[in-house]
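In: Dropping a prediction and its sequence here:
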Amino acid sequence: MGRLVRVCSAEELRERERVVVDVDNESVLVLFVGGRVYALSNICTHEYAEMVNGLVVDDTITCPVHLSRFRLDDGEVLYPPAEKPLKTYKVVEKGGEVFIEL
């Protein structure tokens, strides 16, 4: 298991809630959708845009600038112009706290 970094308390994340944390010089978006917590890069792989401002529909997020669409669970590109997936992080919940694994 990698290093765990605390993101927030589980109570802070409600449905569709978003939290951005900086970890090791990376901006990480943590969001709660459909009863599940996801963690992925907050910066689009196409061009600089913050995914925290993206549209979330079901299990996808769309870049707010150039409309690339990605899967929340594995970062896979579903719609261009992006070609590279978003980096994703394993989420661990314990003791009422939310952590991401690095």
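Out: Looks like it arrived, so ask away. Numbering: from 1, shown residues only.

In: For Gly95, give me the pLDDT.
Out: Listed pLDDT for Gly95 reads 94.

In: Could you report the neighbour count for it?
Out: Counted with other Cβ atoms under 10 Å, the neighbours of Gly95 add up to 7. C-beta coordinates here come from the backbone N, C-alpha and C atoms, glycine included.

In: Relative to Val23, how far out is it?
Out: Gly95 sits at a distance of 19 Å from Val23 (criterion: Cβ to Cβ, to the nearest Å).

In: How about Asp59?
Out: Separation of Asp59 from Val23 (Cβ to Cβ) stands at 23 Å.

In: likewise Asp74?
Out: Distance of Asp74 to Val23, given as Cβ to Cβ: 19 Å.

In: do Glu76 as well
Out: 22 Å.

In: and what of Ser41?
Out: Counting by Cβ to Cβ, the separation of Ser41 from Val23 is 11 Å.

In: Between those two, tell me which one has more neighbours.
Out: When neighbours are counted by other Cβ under 10 Å, Ser41 comes out ahead of the other of Ser41 and Val23, with 18 against 15.

In: quick one: contacts for that one?
Out: By Cβ atoms under 8 Å, 6 or more residues apart in numbering, the contact list for Ser41 reads Glu26, Ser27, Val28, Leu29, Met51, Gly75, Leu86, Lys87, Thr88.

In: Compute the number of surrounding residues for Tyr89.
Out: Tyr89 - counted by other Cβ under 10 Å - has 22 other residues nearby.

In: again, but for Glu12
Out: By other Cβ under 10 Å, the residues close to Glu12 number 13.

In: Val19 is in contact with that one, correct?
Out: Yes - using Cβ atoms under 8 Å, Glu12 is in contact with Val19, at 6.9 Å.

In: phi, psi of Val52?
Out: Note on Val52: backbone dihedrals following degrees, to the nearest 10 are phi -60, psi -30.

In: Report pLDDT for it.
Out: 98.

In: Also Val33?
Out: Confidence at Val33, expressed as pLDDT, is 93.

In: Kindly report the same for the one 3 residues further on.
Out: At Arg36, the predicted lDDT confidence score is 93.
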